[in-house]
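K.L.:
Got a predicted structure plus its sequence, pasted below:
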Amino acid sequence: QQAPTQDFSDQQLQQFADASQEIAVISQEYTQRLQEAEDEATQQEVRAEANDRMIEVVEHSGLDVDTFNAIGQSIQQDPEMMQRVQEMANQS
């Protein structure tokens, strides 16, 4: 039995798709920087900076972080919604 997924508008899903693509780029960039970090303090700085940039991307997309995370959780449980978001990402 699946948990009921929330209804998100097409606009919200498009905003999620756009933000997700930017976040993937940021994630790759910071993953490399994390691997190059020499100590725990530097790693924490890199993580904090990456997190701030990701939050900026989400807010710039027009979503708040809670909605972004809710959509992220919903698409994990809803293959149809995930497919719609992937199609939106491919079109933008």
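P.N.:
Here it is on my side, so go on. Numbering: from 1, shown residues only.

K.L.:
For the protein, which residues score under the pLDDT cut-off?
P.N.:
Within the chain, the ranges that satisfy pLDDT under 70 run 1-5.

K.L.:
for it, longest helix please?
P.N.:
Within the chain, and with DSSP state H defining each element, the longest helix by residue count is helix 10-36.

K.L.:
in that helix, what's buried?
P.N.:
Judged by neighbour count (16 or more other C-beta atoms under 10 Å), helix 10-36 contains these buried residues: 12-20, 22-23, 26, 30, 33. Yep, even glycine has a C-beta here, placed from its N, CA and C like the rest.

K.L.:
Which secondary structure elements does that helix sit against?
P.N.:
On a contact count with 3 or more C-beta pairs under 8 Å, 6 or more residues apart in numbering; DSSP states H and E, helix 10-36 meets helix 40-61, helix 65-77, helix 79-91.

K.L.:
how about the first one: buried residues?
P.N.:
Of the residues in helix 40-61, those buried by neighbour count under the rule 16+ other C-beta under 10 Å are 46, 50, 53-54, 57-58, 61.

K.L.:
Between those, which sits nearest Val85?
P.N.:
Taking C-beta to C-beta as the measure, Ser61 is the one of those closest to Val85, at 12.8 Å.

K.L.:
coming back round to it: save the buried residues of helix 10-36 as a markdown table, and put in distance to Gly72 too.
P.N.:
Output for these, formatted as a markdown table (distance: C-beta to C-beta, whole Å):
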| residue | distance to Gly72 |
| --- | --- |
| Gln12 | 12 |
| Leu13 | 11 |
| Gln14 | 15 |
| Gln15 | 12 |
| Phe16 | 7 |
| Ala17 | 11 |
| Asp18 | 14 |
| Ala19 | 10 |
| Ser20 | 8 |
| Glu22 | 14 |
| Ile23 | 10 |
| Ile26 | 15 |
| Tyr30 | 18 |
| Arg33 | 23 |
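
K.L.:
Having no further points to raise, I will conclude here.
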